[in-house]
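Peer 1: Sequence below, structure please.
(one chain, ligands or ions: 2)
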Amino acid sequence: MTDKKPPVDYSLYLVTARDLLPEGKDYLESLEESIRGGVTLVQIREKHADTAEFLSVAQASKEICRRHNVPILINDRIDIALAIGADGVHLGQTDMPVEVARRLLPPNAIIGMTCNTVEHVKKAVEDAVDYVGVGPVWSTQTKKLTSPVVGVRGIGALLEVLDGTAVKAVAIAGIKSTNALHCIHGAVSAYGRSLDGLAVVSDIVASRDPYNAAKRIATIVQAFKANP
Ligand code: TZP
Ligand code: MG
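Peer 2: Ligands and ions are numbered 1, 2, ... in the order given. This next block holds a predicted model:
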């Protein structure tokens with residue numbers, strides 16, 4: 001095995017939420033449609049499942065992600081990530097510390113960290129995470145927020161800390177196809193550092209047509225990257 005990490009495309013980062021699926025919509029079908037639409041990275045987030053259910057959802061999701069060559073990360077749970085051979089984990093400020101996660105996971109695992117403040121981002125850089133999830137950009141119904149929304153200017157201030165580092169950044173909370181352009185264009189640091197992608201939950205998961213929901217946002221991110 002090599003320590004070299006495979007390149008990850010953070011452009012459209014889907015965070016799952018099975019409780020938001022429209023009535024009658026199958027979770028795995030929705031996941032696959034969203035990947036076909038342009039999701040480039042998937043995080044399995046299961047806040048209500050017990051361990052057995054989380055494991056089974058993660059395993060089934062991994063099979064779809066592997067088929068489409070899209071990396072899969074697990075929210076919070078290092079054990080589930082190890083059990084299914086996921087590509088990495090996404091950790092919050094009160095989850096397993098990064099240095100402990102690094103010790104437990106394979107050397108090329110992707111580790112991402114939620115960051116709401118400049119101090120959080122500084123610590124994440126010190127810990128050499130692979131990426132930070134910065135926000136909340138806007139308000140959201142999907143998660144009870146524990147820190148104030150920062151807006152696109154606030155995201156720019158958080159990105160400033162990343163200037164000159166290899167740490168990638170995605171923004172999260174309230175991002176939809178209707179504001180994705182504003183988010184990615186507006187959230188630029190004083191040094192011109194941009195987001196690497198957008199993390200989205202409800203605009204894709206709650207859609208009856210996740211293929212097109214993902215495609216709309218992916219197209220916006222790709223256009224920005226082609227012509228920042
Ligand atoms: N972490 C911070 S906000 C959030 C998570 C998982 C939910 C964002 O959901 P949405 O539906 O994209 O606003
Ligand atoms: Mg967490």
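
Peer 1: Residue 137 is in contact with residue 169, isn't it?
Peer 2: No. If you go by C-beta atoms under 8 Å, residue 137 and residue 169 don't touch, sitting 11.7 Å apart. In this view, the C-beta of every residue, glycine as well, is placed from N, C-alpha and C.

Peer 1: Point me to the residue of the protein nearest ligand 2.
Peer 2: Residue nearest to ligand 2 within the chain: residue 92 (3.1 Å; C-beta to the ion).

Peer 1: Please name the nearest non-neighbouring residue to that residue.
Peer 2: residue 114 (4.7 Å; C-beta to C-beta, 6 or more residues apart in numbering).

Peer 1: what does the chain have sitting close to ligand 2?
Peer 2: 76, 92, 95 (C-beta under 5 Å from the ion).

Peer 1: Just the buried ones from the residues you listed?
Peer 2: Buried residues within the residues of the chain next to ligand 2, counting neighbours by 16 or more other C-beta atoms under 10 Å: 76, 95.

Peer 1: quick one: average pLDDT of stretch 11-31?
Peer 2: If you average the pLDDT over stretch 11-31, you get 98.

Peer 1: Give the buried residues for it.
Peer 2: Going by neighbour count (16+ other C-beta under 10 Å), the buried part of stretch 11-31 is 11-18, 20-21, 25, 30-31.

Peer 1: contact partners of it?
Peer 2: By C-beta atoms under 8 Å, 6 or more residues apart in numbering, the residues outside stretch 11-31 that reach it are 34-35, 38-46, 48, 57, 60-61, 64, 75, 90, 142, 170, 172, 196-202, 204-208, 210, 214, 217-218, 221-222, 225.

Peer 1: 6 Å - rerun?
Peer 2: With C-beta atoms under 6 Å, 6 or more residues apart in numbering as the test, stretch 11-31 has contacts from 34, 38-45, 60, 64, 170, 197, 199, 201-202, 204-206, 208, 210, 217-218, 221.

Peer 1: ok, now stretch 159-173?
Peer 2: Outside stretch 159-173, the residues touching it (C-beta under 6 Å, 6+ apart) are 10, 13, 118, 121-122, 125, 131-138, 140, 155, 183, 187, 189-191, 193, 195-199.
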